[in-house]
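In: Here is a sequence with its predicted model. Questions after.
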Amino acid sequence: MIDSIFLKAVSERKIPLYIYVLILFLIITKVITKSIFAELYDFFLATLISAVICLSLVFFRVKASMHMMGISGLVMFLVVLSITYQVNITFALSILIFIIGLVATSRLFLKAHTFPELIFGFFIGWIPQLLVAGW
């Protein structure tokens with residue numbers, strides 16, 4: 001089903017993404033409740049939305065960088081947390097933004113993704129975090 005751990009073909013991403021979506025769904029429904037961990041629940045809900053978007057793109061044979069999806073989602077989550085609780089985490093955010101650049105550079109250097117795939121991954125991770133925080 002999978003030729004290598006690098007998942008070169010887009011169709012090889014289906015099964016890992018199904019498993020990832022299932023795990024995120026179980027975390028949201030069984031582990032984290034909205035009443036106790038509201039921010040963490042929102043983070044995992046937005047991550048689930050990102051994973052479903054990525055899975056739906058696989059059916060259209062579009063490959064998006066899940067590394068960029070993860071790191072941009074984390075950065076947006078921390079931005080929302082810092083705004084919500086009015087905490088200055090500028091230093092941590094600057095380091096994470098630098099890490100976004102490192103992740104993108106490494107994915108391009110390893111020829112694992114093209115530039116548009118990195119941009120897709122970035123926005124697939126970033127936008128759901130922003131939208132869920134606005135609810």
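Out: That came through fine. The structure presented is a predicted model; accordingly, all values stated were derived computationally and were not measured.

In: Can you get me the centre-to-centre distance for the top helix by length along the chain and its chain?
Out: Longest helix in the chain, counting residues (DSSP state H): helix 38-59. Helix 38-59 sits 7 Å away from the centroid of its parent chain (Cα atoms, centre = their mean, to the nearest Å).

In: by contact count, what packs against that helix?
Out: Here helix 38-59 touches helix 14-26, helix 66-85, helix 115-134, going by 3 or more Cβ pairs under 8 Å, 6 or more residues apart in numbering; DSSP states H and E. The C-beta positions use only the backbone N, C-alpha and C, and glycine is treated the same way.

In: for the record, mean pLDDT for it?
Out: Averaging pLDDT along helix 38-59 yields 95.

In: now residue 95: how far from residue 118?
Out: As defined by Cβ to Cβ, to the nearest Å, residue 95 lies at a distance of 20 Å from residue 118.

In: Between those two, which has more neighbouring residues?
Out: residue 118 (23 against 10; other Cβ atoms under 10 Å).

In: Contacts only, for that one.
Out: Contact analysis of residue 118 by Cβ atoms under 8 Å, 6 or more residues apart in numbering lists 65, 68, 104, 107-108.

In: Most neighbours among the residues you listed, which one?
Out: Within the contacts of residue 118, neighbour counts (other Cβ under 10 Å) peak at residue 65, which reaches 27 neighbours.

In: and the gap between the residue lying closest to residue 11 once chain neighbours are set aside and residue 34?
Out: Spatial nearest neighbour of residue 11, excluding adjacent residues (Cβ to Cβ, 6 or more residues apart in numbering): residue 58 at 7.2 Å. Noted for residue 58: a distance of 29 Å to residue 34, by Cβ to Cβ.

In: neighbour-wise, which of the two wins?
Out: residue 58 (17 against 12).

In: Might one say that the more buried one is in contact with residue 16?
Out: No: if you go by Cβ atoms under 8 Å, residue 58 and residue 16 don't touch, sitting 10.0 Å apart.

In: host element of residue 87?
Out: Residue 87 belongs to no helix or strand when elements are defined using DSSP states H and E.
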